[in-house]
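Asker: just the structure for this:
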Amino acid sequence: MDMQEFIPIDIFCRQYGIEISVISSLQDYGLLEISSINETAYLPVHQIADAERLVHLHEDLAINIEGIDVISHLLQRIQSMQSEIQSLKNRLRLYESI
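Answerer: Numbering: from 1, shown residues only. Predicted structure coming up:
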């Protein structure tokens with residue numbers, strides 16, 4: 001496992017001025033994946049942008065973890081619907097060109 005692919009949770013939390021329990025709660029709701037290596041918790045680098053967005057919702061906008069969970073699921077549904085709409089538009093263009 002390449003350690004450059006991970007950032008220790010305590011460093012991430014210190015950088016953003018949050019408690020480790022916030023990250024643990026986000027993990028409990030399945031919003032972040034945390035890895036333990038040698039009894040140290042790490043955040044995968046590819047999830048840093050997601051973690052920053054979730055921390056912003058929680059800290060700056062004062063949204064609780066349950067609310068963040070709902071928002072996250074709704075955003076995923078919107079993204080899925082947008083992809084489906086784009087796919088349907090592409091298919092429609094194909095039929096219109098015939």
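Asker: show the contacting residues for the most centrally placed residue in the chain.
Answerer: Per C-alpha atoms, centre = their mean, the C-alpha nearest to the average position across the chain is that of residue 50, at 3.3 Å. Neighbour list for residue 50: 31, 32 [criterion: C-beta atoms under 8 Å, 6 or more residues apart in numbering]. To be clear about C-beta, it is placed using only N, CA and C from the backbone, and glycine gets the same treatment.
Asker: again, only this time at 7 Å
Answerer: Counting by C-beta atoms under 7 Å, 6 or more residues apart in numbering, residue 50 touches residue 32.
Asker: what about residue 72, which SS state?
Answerer: Following DSSP: H, G, I helix; E, B strand; the rest coil, we place residue 72 in the helix state.
Asker: how near is the nearest residue to it once chain neighbours are set aside to residue 14?
Answerer: Nearest residue to residue 72, sequence neighbours excluded (C-beta to C-beta, 6 or more residues apart in numbering): residue 31, at 5.7 Å. Residue 31 is 20 Å from residue 14, where distance means C-beta to C-beta, to the nearest Å.
Asker: who has more neighbours, these two?
Answerer: Neighbours per residue (other C-beta atoms under 10 Å) separate residue 31 from residue 14, with residue 31 holding more: 20 against 11.
Asker: that older thread, A helix includes the residue nearest to residue 72, no?
Answerer: No: counting by three-state DSSP, residue 31 is not part of a helix but coil.
Asker: now for it: which residues touch it?
Answerer: By C-beta under 7 Å, 6+ apart, the residues touching residue 31 are 54, 68, 69, 72.
Asker: let's go with 10 Å and repeat that
Answerer: Residues near residue 31 by C-beta atoms under 10 Å, 6 or more residues apart in numbering: 23, 25, 47, 50-51, 53-54, 65, 68-69, 71-73.
Asker: can you turn the buried part of the residues you listed into a PyMOL selection?
Answerer: Burial among the contacts of residue 31 is assessed by 16 or more other C-beta atoms under 10 Å; the matching PyMOL selection reads:
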select buried, resi 23+25+47+50+51+54+65+68+69+71+72
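Asker: before we move on, the earlier item: is the residue nearest to the centre of the chain in a helix, a strand, or coil?
Answerer: Using three-state DSSP, the structure places residue 50 in helix.
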